[in-house]
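Asks: Attaching a predicted model along with its sequence, questions to come.
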Amino acid sequence: MDLRNDSLDQLHEDLANANMAPTWKYVSEFVAREPKVSYRPWLWRWDDVIPLLMRAGDLITPERGAERRSMEHVNPDLKPFYSTSHTIATAFQLVRAGETAPAHRHMAGAIRFAARSKGGTVYTKVQGERLMMEENDLLLTPTGTWHEHANETQNDIIWLDALDFPLVNMMQASWFMPGEGQVCPDKPDDYSRRQLGLYRPVGTGGYPESHPVLRYPWVEMKEALLNASKGPGSAFDGTILEYVNPINSGSTLPTMSCRAQLLKAGSKTKAHRATSSTVYFVIGGEGVSIINGSEFHWGRGDVFVAPTWSWHEHHCKGEDAFLFSITDQPVLQMLGMFREEALEENDGHQQVASRFTP
Ligand SMILES: [Fe+2]
Ligand SMILES: [Fe+2]
């Protein structure tokens, strides 16, 4: 080529033909001064979505795949990914009295939180161990573990699922395996709890799973929260506790940290933001969270999402309120990408510009 007639336009065209991109032209599209977040905060009211789930209860019969009678909380900005935040997908699942589901396993790690349960013999069996589901209990289904469920009671159960499949799909590492018949030898109830505790039967060896298979009963978490609430708590979150992995004392799952928090009657937290996203489920109480200047009013059973880098603060309106939440913070921490900051202006409170309506 005759370089005397070269031009920048010609170079850009030739680069495109060579499947190269000029960094000087596009750098702002892949490196930004602040996190570029592609989705907004959102809230799903229990009273709006549960009637839909109950209709599915009648229409999605066992013949029509009742083992997947669950409904995803799809952020309107993340529709192609069926996800709630960019890394976490939550859903409500209804399992009717007497229903069972065969075992399967997958790369995505999952947790289950029993949103409505009357207790009894209703469980998810993980790696052969039955984990019972009393109301507000948390159950883990770590990556690659076999799981199936059964509701042997006379009552429906509704649980909240949270999966890391948006992250797994982003890594293009997803797989799914259906099970046939008995996939694992049965373990006694409370097997993991006993193996992972301070005392275990002599001669049983170490814990055989790479991740803990656990149920965290709400009665224990609630008691721990009430005890912790005698202390000062966090300026941003009130009293907040993490569900801990007892093998390494790390986060609940490698990809998701589950937390429960108590916001005292009438309390107001200050605003902060972080390079992590969080999905909240309201266990009980009423309040309003201000997320990026918009009021999100919530009550029992509602689900809402605070995206990455969104300013958020919580105001508890009436009696003490309890929130359960799932965050991708452990992923950011593992990668050295976790950053957090407090709002300095206005004594740490946002100016309210709008009120969210779905
Ligand atoms: Fe599953
Ligand atoms: Fe927070």
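Replies: Now that the structure is in, tell me what you want to look at. Ligands and ions are numbered 1, 2, ... in the order given.

Asks: which residues in the stretch 51-200 of the chain form strands?
Replies: Using DSSP state E, counting those that start in this stretch, the strands of the stretch 51-200 of the chain run over 70-72, 89-95, 100-106, 110-116, 122-126, 129-132, 138-141, 147-151, 157-163, 176-178.

Asks: Point out the one among the ones you listed that comes closest to Asn227.
Replies: Closest of those to Asn227 is strand 138-141, at 18.1 Å (criterion: CB to CB). (Each C-beta comes from the backbone N, C-alpha and C, glycine too.)

Asks: what does that closest one contact?
Replies: For strand 138-141, the external contacting residues (CB atoms under 8 Å, 6 or more residues apart in numbering) are 109-114, 124, 126, 131, 133, 147, 211-216, 218, 221, 243, 252-253, 258, 324.

Asks: could you give the mean pLDDT of it?
Replies: When pLDDT is averaged along strand 138-141, the result is 98.

Asks: again, but for stretch 98-118
Replies: 96.

Asks: and that stretch, C-alpha only, in PDB?
Replies: These are the backbone C-alpha positions of stretch 98-118, laid out as PDB (Å, rounded to 0.1, in the frame of the first residue of the first chain):
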ATOM      1  CA  GLY A  98     -48.000 -34.900  48.200                       C
ATOM      2  CA  GLU A  99     -45.800 -33.800  45.300                       C
ATOM      3  CA  THR A 100     -42.300 -35.100  44.800                       C
ATOM      4  CA  ALA A 101     -39.600 -34.300  42.200                       C
ATOM      5  CA  PRO A 102     -36.900 -36.600  40.900                       C
ATOM      6  CA  ALA A 103     -33.200 -35.800  41.500                       C
ATOM      7  CA  HIS A 104     -31.000 -33.800  39.300                       C
ATOM      8  CA  ARG A 105     -27.800 -31.700  39.600                       C
ATOM      9  CA  HIS A 106     -26.200 -28.800  37.800                       C
ATOM     10  CA  MET A 107     -23.300 -26.500  37.900                       C
ATOM     11  CA  ALA A 108     -25.400 -23.600  39.300                       C
ATOM     12  CA  GLY A 109     -25.300 -23.400  43.000                       C
ATOM     13  CA  ALA A 110     -28.600 -22.800  44.800                       C
ATOM     14  CA  ILE A 111     -30.200 -21.900  48.100                       C
ATOM     15  CA  ARG A 112     -33.800 -22.300  49.100                       C
ATOM     16  CA  PHE A 113     -35.500 -20.200  51.700                       C
ATOM     17  CA  ALA A 114     -38.900 -21.500  53.000                       C
ATOM     18  CA  ALA A 115     -41.100 -18.500  52.500                       C
ATOM     19  CA  ARG A 116     -44.300 -20.200  53.600                       C
ATOM     20  CA  SER A 117     -44.300 -23.600  55.300                       C
ATOM     21  CA  LYS A 118     -46.400 -25.300  58.000                       C
END
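
Asks: tell me which residues of it are tucked away?
Replies: 99, 101, 103, 105-117 (16 or more other CB atoms under 10 Å).
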